[in-house]
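the following comprises the amino acid sequence and a computationally predicted model.
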Amino acid sequence: MNLGGLQALRVQSSSLSKLGDARLATTPRLMTSIAGRVRCQAGDGKGPSPLADVKNYVDQSTKQEITKDDILRNQESNESEKQSVFGAKPNSGSLYPRPELERRPETGSKSFWSVFAFDGAAPETINGRLAMLGFVWAVVAEKMTGLTVLEQLFSPASAGLVYFVGAIQLLTYASLVPIMSGESTDARSFGPFTATAERWNGRLAMIGFSALIVTELFTHSPVFH
């Protein structure tokens with residue numbers, strides 16, 4: 001090989017070596033850039049999730065914030081808030097009746113005794129929902145099995161009591177979650193599904209369910225079979 005060829009090989013080798021060094025120097029910068037973009041896209045793991053988006057949409061569509069001023073104005077203008085059904089006037093700090101400001105979960109105490117008091121947020125809400133579920137369940141079950149409500153609950157061949165206890169726990173927990181978070185049933189409405197409609201349907205269901213049990217105790221036969 002001549003001298004010119006050796007010089008050409010040395011130049012080529014030097015060029016390849018510099019190119020390799022440049023690639024090695026560029027690779028860390030490239031990896032750092034990619035990692036930075038990945039971190040930016042992924043965030044810190046605390047960004048909005050699909051479930052959070054659904055919750056925000058539902059809140060915007062159904063929820064109305066109830067403020068302290070709203071409650072005070074209702075106390076002053078609503079005649080039913082000026083005295084209880086027994087004619088007693090609400091007094092601050094009393095067991096019953098309490099002013100609306102003290103018994104509502106938005107502004108009052110969220111302790112167990114306050115929430116489950118006679119005029120608390122939980123009793124009528126939970127009892128009404130259980131009565132609505134129980135009445136519909138009783139009608140359907142009586143049509144299917146020919147058993148009265150008590151027979152569905154206490155018959156050895158029936159698992160009605162297990163379902164009944166499970167429904168109580170599920171509905172109680174589902175009703176307490178928003179209450180303990182400072183939200184009453186009056187804060188939610190969606191079309192015809194308002195707090196007033198639920199309250200009256202629950203009251204009618206409690207009366208109807210009680211009447212159904214009493215009637216079947218006297219007749220010893222299911223009403224809807």
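Received, thanks.

ranges for the helices of the chain?
Counting by DSSP state H, one finds helices in the chain at the ranges 3-42, 50-62, 68-77, 100-103, 112-115, 122-145, 149-154, 160-180, 195-219.

for residue 93, find the nearest of those helices.
Residue 93 lies closest, by CB to CB, to one member of the helices of the chain: helix 100-103, at 7.8 Å. Yep, even glycine has a C-beta here, placed from its N, CA and C like the rest.

so which elements touch the closest one?
The contact analysis (3 or more CB pairs under 8 Å, 6 or more residues apart in numbering; DSSP states H and E) places helix 100-103 against helix 68-77.

dump the helix it packs on to CSV, restricted to CA.
The C-alpha coordinates for helix 68-77 follow below in CSV (Å, rounded to 0.1, in the frame of the first residue of the first chain):
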residue,chain,number,x,y,z
LYS,A,68,-74.9,29.6,54.6
ASP,A,69,-76.6,32.7,53.2
ASP,A,70,-79.1,30.5,51.3
ILE,A,71,-79.9,28.6,54.5
LEU,A,72,-80.3,31.8,56.6
ARG,A,73,-82.7,33.3,54.0
ASN,A,74,-84.8,30.1,54.0
GLN,A,75,-85.0,30.1,57.8
GLU,A,76,-86.4,33.7,57.7
SER,A,77,-88.9,33.2,54.9
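
what does that helix rub up against?
By CB atoms under 8 Å, 6 or more residues apart in numbering, the residues outside helix 68-77 that reach it are 81-82, 99-101, 104, 106-107.

where is pLDDT lowest across those?
By pLDDT, residue 82 ranks lowest within these, coming in at 84.

any idea how many residues pack against the nearest residue to that residue once chain neighbours are set aside?
The spatially closest residue to residue 82, leaving aside those adjacent along the chain, is residue 89, at 6.8 Å (CB to CB, 6 or more residues apart in numbering). Look at residue 89: counted by other CB atoms under 10 Å, it has 10 neighbours.

likewise for residue 178?
By the criterion of other CB under 10 Å, residue 178 has 17 neighbours.
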